[in-house]
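[1] sequence plus predicted model, see below.
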Amino acid sequence: MAKDIDRRIIQDLLDNGVDFVTSVPCKQLAGVIEVLDETEALKHVPCNKEDEGMGLCAGAFMGGMKPAIIMQNTALGVTLNSLATLIQFYQIPLPMLISYRGEVGEPVACQVEMALHTKALLAQLNIPTYHLHHASQVEELPGILKHCQMCSKPVAILTDASFWGSAT
Amino acid sequence: MIRYELLELLKETLTNELVVCNIGSPSQELHAIDDQPSNFYMLGTMGLCSSIGLGLAMATDKKVVAIDGDGSVLTNMGTLATIGNNHQKNFILVIVDNGSYGSTGDQPTYTGGRTSLAKVAEACGCDTVVECSAADTPDAVKAALAGDEMTVIISKCDSGNRKCPVITMNPIMIRERFMAEVAR
Ligand SMILES: Cc1ncc(C[n+]2csc(CCOP(=O)(O)OP(=O)(O)O)c2C)c(N)n1
Ligand SMILES: [Mg+2]
């Protein structure tokens, strides 16, 4: 089920020192999570809610690991306080690989509702945001991961239906 | 016995163990009683103390003690399932269960009613769960530190807070000196 793009994303995480990942699944992220679970060098600790996941990431970071979170954009709201008062306040680098549901190609109308707020919320929080709209843009991922570590901030990587749809 | 008195009792037990402490009065009281670099004070983010503690315990071999609260565990109840499914031998979760939201004026939580966090923790897969009085908590923590099992301790306390100064230390300073202790 996993595609080359999923393997490439996980390899980019590994190549950039990420060794701890927490997640709540999204259909679009199923392949990435499948590869994640096959990759021993990446510790995967599923969480029940994305703010909880950010707590796990903060702890892992303080223990010397390099965390990342995999989540759906609909979860952004529940993470706002954790982003502001934990990840940003204590300056913890945190790549957020986010499925950007509700964009063109979306089959479920309800998903559009949070898509409308996604970039506004990220902008309000001053979170560096990278919107990957075509699979070829996965090339930007290593640079984004390095940028995240360099500035010790959360960064959002939004991957929409066109990105996943154009992937092989 | 209120939380402050419990933390005073724990002072001699928690010497250089890594401690992650809950937001508000718990951190302010711990800071006033025994500020040390091995304490990580949460200045915000109610609910995530146990998650930070678990994530930390996964990344270090050192003993990690998370001092959480009943209200905060209730707000992030999923944490007990994550803890129960990710046994981390070096992790001790102490839930100060005063049946109230202490920091905000002792409003009652549901653990003062019909809810048992010990039973929730057990049902979530935590094998070693100890519910005890505040007075017995230092011994329970000592036993957990001496042992090799992840332990969840529910410490039954009275409601109440001691007025202590707000922590004005810079968050980066708190984190960096804490991380230096982790790396030591
Ligand atoms: C999201 C959020 N809601 C409410 C608060 C206010 N608040 C701060 S500490 C606290 C009480 C926490 O209770 P508990 O975890 O039982 O700790 P205690 O003070 O009783 O030891 C509350 C409600 C907050 N900081 N964040
Ligand atoms: Mg309480």
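    Done, it's in. Ligands and ions are numbered 1, 2, ... in the order given.
[2] okay, helices next: where are they in chain A?
    A:4-15, A:30-38, A:50-62, A:76-82, A:109-124, A:141-151, A:161-165 (DSSP state H).
[3] what's the burial count for residue 5?
    No chain specified, so I'll use chain A. Look at A:I5: counted by other Cβ atoms under 10 Å in any protein chain shown, it has 19 neighbours. Every C-beta, even on glycine, is put in place using the N, C-alpha and C of the backbone.
[4] not quite, I wanted chain B
    17.
[5] returning to that earlier point: most packed of the helices of chain A?
    Mean neighbour count (mean count of other Cβ atoms under 10 Å in any protein chain shown) peaks for helix A:50-62 among these, with a mean of 29.
[6] hmm, who's touching stretch A:142-157?
    The contact list for stretch A:142-157 (Cβ atoms under 8 Å, 6 or more residues apart in numbering or on different chains) reads A:12-13, A:15-18, A:66, A:83, A:87-88, A:91-98, A:122, A:127-130, A:132, A:141.
[7] on that earlier part again, make JSON lines from the helices of chain A and add mean pLDDT to it.
    Below are these laid out as JSON lines (pLDDT from 0 to 100):
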{"stretch": "helix A:4-15", "mean pLDDT": "98"}
{"stretch": "helix A:30-38", "mean pLDDT": "98"}
{"stretch": "helix A:50-62", "mean pLDDT": "99"}
{"stretch": "helix A:76-82", "mean pLDDT": "98"}
{"stretch": "helix A:109-124", "mean pLDDT": "98"}
{"stretch": "helix A:141-151", "mean pLDDT": "98"}
{"stretch": "helix A:161-165", "mean pLDDT": "98"}
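[8] out of the contacts of stretch A:142-157, which are buried?
    For those, a burial check counting by 16 or more other Cβ atoms under 10 Å in any protein chain shown picks out A:12-13, A:16, A:18, A:66, A:83, A:87-88, A:92-98, A:122, A:127, A:129-130, A:132, A:141.
[9] quick revisit: put together CSV for the helices of chain A, with distance to B:A32 on each row.
    Shown next, in CSV, are these (distance: least, Cβ to Cβ, whole Å):
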stretch, distance to B:A32
helix A:4-15, 42
helix A:30-38, 43
helix A:50-62, 23
helix A:76-82, 26
helix A:109-124, 35
helix A:141-151, 34
helix A:161-165, 51
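[10] for B:E149, find the nearest of these.
    Closest approach to B:E149 among the helices of chain A is made by helix A:50-62 (19.5 Å; Cβ to Cβ).
[11] ligand 1 contacts on chain B?
    Applying Cβ under 6 Å from any ligand atom, we find that chain B lies next to ligand 1 at B:3, B:22-26, B:46, B:69-72, B:96, B:98, B:100-104, B:109.
[12] what about 5 Å?
    B:23-26, B:46, B:69-72, B:96, B:98, B:101-104 (Cβ under 5 Å from any ligand atom).
[13] which of these has the most neighbours?
    Counting by other Cβ under 10 Å, top hit in those: B:G69 with 31 neighbours.
[14] picking up where we left off before, please tabulate the helices of chain A in JSON lines, including the columns distance to ligand 2.
    Below are those laid out as JSON lines (distance: least, Cβ to the ion, whole Å):
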{"stretch": "helix A:4-15", "distance to ligand 2": "38"}
{"stretch": "helix A:30-38", "distance to ligand 2": "35"}
{"stretch": "helix A:50-62", "distance to ligand 2": "18"}
{"stretch": "helix A:76-82", "distance to ligand 2": "19"}
{"stretch": "helix A:109-124", "distance to ligand 2": "30"}
{"stretch": "helix A:141-151", "distance to ligand 2": "35"}
{"stretch": "helix A:161-165", "distance to ligand 2": "44"}
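[15] quick one: closest of these to B:V64.
    helix A:50-62 (8.1 Å).
[16] the closest one vs chain B: in contact?
    Yes. Helix A:50-62 lies within reach of chain B by Cβ under 8 Å from any Cβ of the partner chain, at A:51-62.
[17] secondary structure class for B:A66?
    Following DSSP: H, G, I helix; E, B strand; the rest coil, B:A66 is assigned to strand.
[18] what about the residue nearest to B:M1 when sequence neighbours are not counted, how many neighbours?
    Of all residues not flanking B:M1 in the chain, B:A134 sits nearest, at 4.0 Å (Cβ to Cβ, 6 or more residues apart in numbering or on different chains). Using other Cβ under 10 Å, B:A134 has 21 neighbouring residues.
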